[in-house]
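In: Here is my input, please return the structure:
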Amino acid sequence: MQVLSGPPAFRSVLLERIAGARHRIILVCLYLQDDPSGREIMEALYAAHRTNPGLDIQVLVDTHRAQRGLIGKAKSPGNAAMYRDFASRYGPGVRILGVPVQSRELFGVLHLKGFIFDDSVLYSGASLNDVYLGQGGRYRLDRYHLFESKILADCLADFVRATFLNQAAVTSLNDPADAVEGGSSHDLRTFRRGLRAAQYTFEGGPVRPGEVAVTPLAGLGAGNRLNETILALLKSTQRKLVIYTPYFNLPGEVRRAVSRQLAQGREVTIVVGDKAANDFFIPPSEPFKVIGLLPYLYEANLRRFTKAHRQAMADGRLKVYLWHHADNTFHMKGLFVDDKIAVVTGNNLNPRAWNLDLENGLVIQDPRGLLRSQHARERASILKHATRLASFQDLETPSAYPPKVQQALRPMNRTRIDRLLNRLL
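Out: The predicted model follows:
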């Protein structure tokens, strides 16, 4: 197992493994975008097929996300148009499937992650586009773990095969003809029931000297196995807990578990993106759009939390770091419990991930600290661009926000509709 250093290493390994695959390539992410990096990956996939026509290539993305343009941009047919264009030029060989988790994107998406190349697994919360791959002068920082394990690769591949392939609700997105319509509402309901029960299956075993244990978990909807495991790990902390989350919008259960750990004297470190490092942040110099309120809503959540735990911050039990590096963005997520258990996941630890999206994660048990130095280097690299808050007063107050942001927030605060929005964000 190897912890990769950042977006350039992620891109390099991704392209290298595509070119070197001999039996299978399975890419699962929220989206593969129509931009230079997305087209580079598409070219690499078709080139791999030309070199080895027997290579099984499957790409699974969210159906709804693939068929719309970017939020706040002009209307477009989305990434599916690129998929069909490549298929019309190069023919078959790369199968791109759309997975609908719900009838509408607002109520749930495919947020499952994992890239399988033969007997290797590259796991990251990143999707595939310029900013995630560090191209075009900007990057979106995530986490990147490379596992060399046939057992793990087979386990993740078997899940994809059993859960998504040959399902009426899962449709091709790169048919050269017109966009393929999804299955019926009955197909979707049946598929969703299956998703709620879907889980990785494998033969477990003890952790022997020189090994770590990796447990893959999936989850959709309240009370799922991934959620329950994350919650149990939070509650099991004996000494110190580290949380990475891009958007500070913790589910109530998670927030209460963290608060209890602080009350019991545990050390809690939270690393979160500054509002200016949020995907939806709009600089005051640019025209305001409603979507630009999101970073301010997340900051309000963080201000309430840190104010409630101001004594723990003063005592040094609660350490909160805001990540900000130029105009780059922060997308890291995961947990560390007592330096013995790590969770790498695409789960943002927010109500949407907790209740609506199809998520997965890998729980890594490392009782002998074999990975401690790699994860310490990862953390040092992250904190290089992070500032520790001394108190909640280090965060901006609404009175300091741009006038148009203040104007838009006032009715939300009066009606408390911001609390409702938090459940969907």
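In: what sits against residue 210?
Out: Shown in contact with residue 210 (Cβ atoms under 8 Å, 6 or more residues apart in numbering): residue 370. Just so you know, the C-beta spots here come from the backbone N, C-alpha and C atoms, and that holds for glycine as well.
In: Make residue 1 into 21 and carry on from there
Out: With 21 as the first residue, the last one maps to residue 230.
In: my guess is residue 426 meets residue 418, correct?
Out: Yes - in this structure residue 426 lies within contact range of residue 418 using Cβ atoms under 8 Å: 6.0 Å.
In: domain ranges for this structure?
Out: 22-217, 233-444 (automatic domain parsing).
In: Out of the ones you listed, which gets nearest to residue 223?
Out: domain 22-217 (8.3 Å; Cβ to Cβ).
In: Can I get the domains of the chain in JSON lines including mean neighbour count?
Out: As requested, those are exported to JSON lines (neighbours: other Cβ atoms under 10 Å):
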{"stretch": "domain 22-217", "mean neighbour count": "18"}
{"stretch": "domain 233-444", "mean neighbour count": "18"}
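In: could you dump those to TSV with distance to residue 226 and mean pLDDT?
Out: Converted to TSV, these look like this (distance: least, Cβ to Cβ, whole Å; pLDDT from 0 to 100):
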stretch	distance to residue 226	mean pLDDT
domain 22-217	14	93
domain 233-444	8	93
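In: Just put those domains in JSON lines and tack on distance to residue 224.
Out: Converted to JSON lines, the domains of the chain look like this (distance: least, Cβ to Cβ, whole Å):
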{"stretch": "domain 22-217", "distance to residue 224": "11"}
{"stretch": "domain 233-444", "distance to residue 224": "8"}
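In: quick one: the closest residue to residue 168 other than its chain neighbours and residue 184, what's the gap?
Out: For residue 168, the nearest residue in space outside its immediate sequence neighbours is residue 140; the separation is 5.5 Å by Cβ to Cβ, 6 or more residues apart in numbering. According to Cβ to Cβ, to the nearest Å, residue 140 and residue 184 sit 20 Å apart.
In: cool, and residue 118?
Out: In terms of Cβ to Cβ, residue 118 sits 10 Å off from residue 184.
In: so what sits against both of these two?
Out: Contacts common to residue 118 and residue 184, judged by Cβ under 8 Å, 6+ apart, are residue 190.
In: Next one: residue 72 from residue 284, what distance?
Out: Counting by Cβ to Cβ, the gap from residue 72 to residue 284 is 56 Å.
In: got it, and residue 274?
Out: Separation of residue 274 from residue 284 (Cβ to Cβ): 16 Å.
In: Likewise for residue 347?
Out: 40 Å.
In: Equivalent analysis for residue 346, please.
Out: Taking Cβ to Cβ, one finds residue 346 at 39 Å from residue 284.
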